[in-house]
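Novice: Mind folding the following:
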Amino acid sequence: MLVIRGILQYYLFTSKPNDRYLLVAIEAMKALEEYESNIEKTESVMKNLMNLV
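Specialist: So this is what the prediction gives:
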C-alpha cells in the first residue's frame, strides 16, 4: 500500500524539469568535477613536496 502511494504521489505531483534547469545542473557538475580534479592535483603536489623534506 505504501509503495502504491509513493508511486502515485511521484506521478501526480512531480513535474518534469525545465531544459534550463538541466543545463544549469550540467554546468554545475562540470565545475564541481574540475574543482575536485584541481584538489586532487594539489594534494598530489603536496605529497611530493613532503617526500622531498
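
Novice: Now the phi/psi pair for residue 17, please.
Specialist: Residue 17 has phi and psi values of phi -70, psi 150 when expressed as degrees, to the nearest 10.

Novice: gap between it and residue 24?
Specialist: Using C-beta to C-beta, to the nearest Å, we find residue 17 at a distance of 10 Å from residue 24. C-beta: built from backbone N, CA, C; applies to glycine.

Novice: Okay, helices next: where are they in the protein?
Specialist: If you assign secondary structure with DSSP state H, the helices in the chain sit at 2-13, 19-52.

Novice: Those helices: lowest mean pLDDT?
Specialist: Ranked by mean pLDDT, the helices of the chain bottom out at helix 2-13, with a mean of 87.

Novice: ok, back up a step: for the helices of the chain, please prepare CSV with the additional fields mean neighbour count.
Specialist: Shown next, in CSV, are the helices of the chain (neighbours: other C-beta atoms under 10 Å):
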stretch, mean neighbour count
helix 2-13, 8
helix 19-52, 10
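
Novice: Next one: residue 5 from residue 15, what distance?
Specialist: Using C-beta to C-beta, one obtains 19 Å as the distance from residue 5 to residue 15.

Novice: go on, residue 1?
Specialist: Taken as C-beta to C-beta, the span from residue 1 to residue 15 is 25 Å.

Novice: Also residue 3?
Specialist: Noted for residue 3: a distance of 22 Å to residue 15, by C-beta to C-beta.

Novice: Residue 35 too?
Specialist: If you measure residue 35 against residue 15 using C-beta to C-beta, the figure is 30 Å.
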